[in-house]
Each structure stands twice: as C-alpha cells, then as structure tokens.
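Trainee: Predicted model and sequence below, questions to follow.
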Amino acid sequence: MLTAEEVKELLLDLENERVERTISTDNTEKFSQAICAFANDVCSTGLPGYLFIGAYDNGTLSRLKATDRLLKNLSSLRSEGNILPAPSMSVYTVSFPEGDVAVIEVQPSKLTPVRYKGRIWIRVGPRKAIANEDDERILMEKRVANFLPFETQPCYGSTIDDLDLDAFKIKYLPKAIDPELLKNDNRDVKSQLASLRLYDKSEDCPTNFGMLLLGKAPTLFIGGAYVQYVKFEGTHRATKVLKEVAFKGNLLKTLEDIDVFVHYTIENQRPVYVTMMREDMKINYPYRAMREIVMNSIMHRSFEGTNSPIRFYEYSDRIEIDNPGNLYGRVNIENFPNETDYRNPLIASAMKILGYVNQFGMGLKTARETLAHYDCKQAEYILDDYTTFKVVVYSSDYDSKDADVTGDVIDNVIGNVIGGVTGKKLKVNERRHAILQYMFDNKYVSASQLAEALGVTPRTIFRDIDALRKDHKLDREGDENTGYWVVLQR
C-alpha cells in the first residue's frame with residue numbers, strides 16, 4: 001500500500017509500464033484492461049502496477065471524492081469473472097487537499113497469461129496493447145518458470161544452519177563433483193550448495209531438495225518427509241503392533257538406514273529340505289527386491305498437498321509400501337511399468353550419485369527379476385487410488401489356505417509342539433511321531449529346526465524323513481525349493 005508521498009511522486013512522473021492515470025469513475029472496460037495488463041507484467045519488472053483514478057495525464061488531481069460505492073465497484077472487477085485467472089489486487093484511497101485518489105494496486109501474476117474477456121492485454125511503455133504471438137509465448141514461458149518443481153522451491157523459514165554441512169562436504173560433494181574440479185573450487189559453501197540446486201541464493205535459504213538431502217531435521221519444514229515402518233502381528237492393522245520405526249533423518253541418513261534395515265531386519269532366511277543330505281535357504285522377502293521397491297517409493301513420492309509419510313507396513317503374510325502420489329507424467333496404467341518419468345528428478349539424481357540407484361528406470365524390473373529368481377510371488381501394484389502408489393509383496397512363507405490372522409504362519413515352530421518332548425531322549429518311533437506332529441502343525445518346518453527341537457543331529461532327521469516317506473506316512477508337495485510337507489498318516 002502506497003503512502004501519500006509515494007502516490008504524489010508517481011503522479012508527477014511520466015506514465016510507464018507500471019502507472020496509468022484516469023479521471024473516469026465508471027469506465028470499467030478501461031479499468032479491467034489496465035488490471036489485466038499490470039497482472040501480465042510482460043516486462044518482468046516483478047513490481048506492482050498502479051491505476052490512479054482521479055488524476056489527469058499530467059498528474060494533477062480532478063478533485064474526486066471517493067465513496068464506498070466507488071471502491072466496492074472497483075473491488076468487484078477482480079471477482080466478476082471477466083479477468084481470468086483472477087489477479088491479486090487491492091483497492092484503497094489516498095487523500096490530498098486537492099481531492100482523493102482511488103488506487104488499484106495490481107501484483108504481477110504467476111499464472112500468465114491473464115485475459116480480459118478472452119483477450120491478453122499488456123503494457124507497452126505508457127500505453128496498453130493486445131498481446132501478439134511473441135508476447136503470448138513470453139507470458140506462457142513465464143508461467144512455466146514461475147512454477148518450479150517442489151524440489152527447487154525455496155524452503156522458506158530455514159537457514160543454512162539447518163543443513164548438515166559436514167555431511168555435505170564429506171559424503172555428498174566428493175561424489176557429486178569430479179575430484180579434479182573440486183581441488184580448484186574456492187567458492188564459499190553457499191555457492192557450492194547453489195550449484196547443486198541445494199540452496200537458493202536469491203532467497204538466502206536452502207531449497208526443499210537441500211532440506212530433504214542435508215537437513216538436520218527435515219520434518220520440521222516438510223512434515224511428511226519420513227518413512228514409517230510398522231510390523232503387525234496379524235494380517236490387518238487391528239492386530240497387535242510388534243515393532244515401529246520412524247526414519248526421520250535426511251536422505252543421506254535415511255537411505256543408509258533403510259538399506260541396512262531391509263537387509264538385516266526385513267529379509268530372513270530359513271533352511272528348507274531338498275534331499276537327505278542337502279538343504280537350501282528360503283528367503284521370505286529377498287533383500288534386493290525389497291530394497292528396489294522401497295528406494296523407488298522414496299524417489300517418486302509426492303510432497304505437495306500432503307503431510308503423509310511413506311507407509312512401510314509388514315503383516316504376517318505380506319508387506320505393503322504406500323507412498324503419496326500416484327503415477328506421474330508420461331506414466332499411466334496402460335504403459336506402467338514399461339514407461340519412466342520422474343516427479344523428483346533431483347532426488348533421483350542424488351540417489352544415483354550416492355549409489356542407491358544403478359540405472360534409471362530399472363528398479364521395478366530388478367525387483368521383478370529378483371522375486372522370480374527366488375520363486376516368490378510377484379509384487380502387486382495397486383493404482384486405482386490417484387492419491388497413492390501402493391505395492392504389495394507377499395512373504396514366500398505365506399500360503400493363503402493356512403493364513404493365520406493372529407501371527408506369522410511359521411512363528412510357533414520351535415518349542416510349541418507336543419508338550420514335553422523337547423529336550424527328552426526319544427525312542428525312534430516317538431521321535432518320528434514327533435516329526436510328523438511338527439510337520440502337521442507347520443508344513444514348512446526345516447530339518448535344522450526339527451533337529452534343534454528334538455535334540456538330535458540334522459543327519460538323524462534326514463534318516464527319519466526318508467523312513468517316513470518309505471512308509472507312506474509323509475510326502476512332499478511341490479518342488480524341493482518351494483514345496484511343503486504333507487502328513488499322510490500320524
């Protein structure tokens with residue numbers, strides 16, 4: 001809002017791309033064209049434009065007496081629907097001894113081109129004009145430039161002190177910049193950050209990308225910037241929570257923590273019977289597949305319009321990974337997952353620099369190949385909700401016929417069968433009966449687990465299994481790697 005001195009100074013100056021004067025109080029056509037032209041700001045001044053009502057072209061006042069009705073009529077120009085998109089403007093009165101001046105102050109629009117009754121008006125020096133094709137192209141380019149991706153927008157309210165600069169210099173900068181170039185880089189740290197799109201020097205604050213990658217506490221500024229892991233006892237959220245972890249650090253820390261977590265907490269191996277003298281390891285959730293799926297969710301999630309984290313939920317039979325934001329850009333239901341596009345290209349680039357992504361567009365393909373290699377059911381992608389992207393990966397131990405909503409199907413193998421047999425020295429017939437009971441209770445039990453439970457060697461268990469199969473009391477369904485035991489007689 002201008003002061004009286006500022007209004008007087010502009011009135012005495014020549015009309016230009018930011019100032020227009022008129023003595024008319026009812027020429028709404030002229031007023032609307034002026035508002036439209038100021039909003040377009042084709043000269044990219046970045047400054048508001050002013051329409052002074054009650055002043056002659058030479059700057060002298062017309063002794064206008066501004067009324068409430070006049071101000072209301074001027075204010076209504078914004079909302080009557082003829083100027084689209086509606087610009088940001090304010091209407092107020094500045095009084096002088098020679099009369100009042102009604103001021104319409106119009107801010108440059110980011111949604112250019114602005115049209116009045118379908119026409120694009122601009123300022124060409126001191127006059128208005130209808131935009132030509134080149135003017136319209138400039139205004140369209142301005143609109144694109146004004147709407148930067150979320151990553152490159154300034155993280156308002158933050159300062160350079162909110163970034164972990166040590167991690168930047170030690171962990172990221174040497175990988176992002178060629179070592180030879182880095183030796184001769186004598187710029188200050190803000191310039192180094194800005195060159196990698198981590199800092200906005202014009203706003204003197206980190207970008208959202210900088211906060212996500214290097215922030216000491218990113219969630220203070222970007223509420224949903226974390227991964228929430230929850231492990232449930234059963235197959236739905238109403239069951240008991242067994243474990244909960246929130247990965248709330250910056251990406252440098254979170255990516256490392258998630259990688260280790262998937263490898264040593266999510267992936268579990270157990271031996272399965274192959275032949276009398278050999279066992280293979282069965283994996284519930286192959287590390288490489290789960291790693292690719294989780295990293296994909298971090299890379300492609302949406303941060304705008306939501307404070308929801310990435311949900312990483314483990315149930316007794318499956319893992320669900322649910323991240324905000326569905327398919328993006330060129331990717332749609334018809335061409336997924338063969339087409340690739342990036343909602344967050346800077347995050348994708350950083351993950352490649354840090355080694356968490358080996359080749360763009362290959363993550364889900366790698367996950368699919370890994371699951372197939374371990375004879376696991378392929379991941380399911382749920383794309384019917386436009387607000388989220390959900391992936392479901394079933395445990396290789398899961399069998400829909402025997403699913404137990406209160407816990408994992410193999411959780412109670414050891415020490416929970418045949419009361420009192422564990423730790424006893426059993427006769428051969430008693431031991432083989434116990435083996436059948438174990439296998440009846442859990443058809444995926446391994447020879448190693450049986451040996452531990454019954455206090456004998458795996459070799460003894462293999463002998464007993466062969467004998468039981470010869471007696472037609474036991475059989476194996478499916479192949480040796482992914483099959484299960486079938487108890488024929490107890």
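Mentor: Received the coordinates, thanks.
Trainee: quick one: the helices in the stretch 251-400 of the chain?
Mentor: Assigned by DSSP state H, counting those that start in this stretch, the stretch 251-400 of the chain shows helices spanning 251-261, 287-300, 345-353, 363-373.
Trainee: Against which helices or strands is the longest one packed?
Mentor: Same thing as helix 287-300. helix 251-261, strand 310-314, strand 318-324, helix 345-353, helix 363-373, strand 388-394 (3 or more Cβ pairs under 8 Å, 6 or more residues apart in numbering; DSSP states H and E). Using the backbone N, CA and C atoms, a C-beta is placed for each residue, glycine as well.
Trainee: Flag every buried residue along that helix.
Mentor: By neighbour count on 16 or more other Cβ atoms under 10 Å, the buried set for helix 287-300 is 287-300.
Trainee: now do the third one
Mentor: When neighbours are counted by 16+ other Cβ under 10 Å, the buried residues of helix 345-353 are found to be 345, 346, 347, 348, 349, 350, 351.
Trainee: which one among those gets closest to residue 97?
Mentor: residue 346 (57.5 Å; Cβ to Cβ).
Trainee: Pretty sure the closest one sits against residue 197.
Mentor: Yes - using Cβ atoms under 8 Å, residue 346 is in contact with residue 197, at 5.6 Å.
Trainee: Need the residues touching each of the two.
Mentor: 151, 152, 209 (Cβ atoms under 8 Å, 6 or more residues apart in numbering).
Trainee: Counting neighbours, which of those comes out on top?
Mentor: Neighbours here mean other Cβ atoms under 10 Å. Within the shared contacts of residue 346 and residue 197, the largest count is held by residue 209, at 26 neighbours.
Trainee: Quick check: that residue is in a helix.
Mentor: Yes - Residue 209: assigned to a helix according to DSSP: H, G, I helix; E, B strand; the rest coil.
Trainee: what residues are up against the spatially closest residue to it that is not a sequence neighbour?
Mentor: Of all residues not flanking residue 209 in the chain, residue 151 sits nearest, at 4.0 Å (Cβ to Cβ, 6 or more residues apart in numbering). Going by Cβ under 8 Å, 6+ apart, residue 151 touches 197, 207, 208, 209, 212, 344, 345, 346, 347.
Trainee: Kindly check the end-to-end length of stretch 476-490 for me.
Mentor: 15 Å (Cα to Cα, to the nearest Å).
Trainee: which regions of the protein lie under the pLDDT threshold?
Mentor: 272-280, 359-361, 398-426, 478-483 (pLDDT under 70).
Trainee: Excluding chain neighbours, what is closest to the spatially most central residue of it?
Mentor: Centroid-nearest residue in the chain, with Cα atoms, centre = their mean: residue 301, separated by 2.1 Å. Distances taken as Cβ to Cβ, 6+ apart place residue 323 nearest to residue 301, at 4.1 Å, with adjacent residues excluded.
Trainee: thought the one you found was touching residue 312?
Mentor: No - if you go by Cβ under 8 Å, residue 323 and residue 312 don't touch, sitting 9.1 Å apart.
Trainee: TSV for the helices and strands packed on helix 287-300, including distance to residue 231?
Mentor: Putting the helices and strands packed on helix 287-300 into TSV (distance: least, Cβ to Cβ, whole Å) gives the following:
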stretch	distance to residue 231
helix 251-261	11
strand 310-314	4
strand 318-324	9
helix 345-353	25
helix 363-373	21
strand 388-394	14
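Trainee: Of all those, which one is nearest residue 130?
Mentor: Among those, helix 345-353 sits nearest to residue 130 (Cβ to Cβ), with 37.4 Å.
Trainee: which outside residues touch the closest one?
Mentor: 149, 151-152, 172, 175-176, 197, 209, 212-213, 251, 255, 295, 298-299, 342, 357-358, 360.
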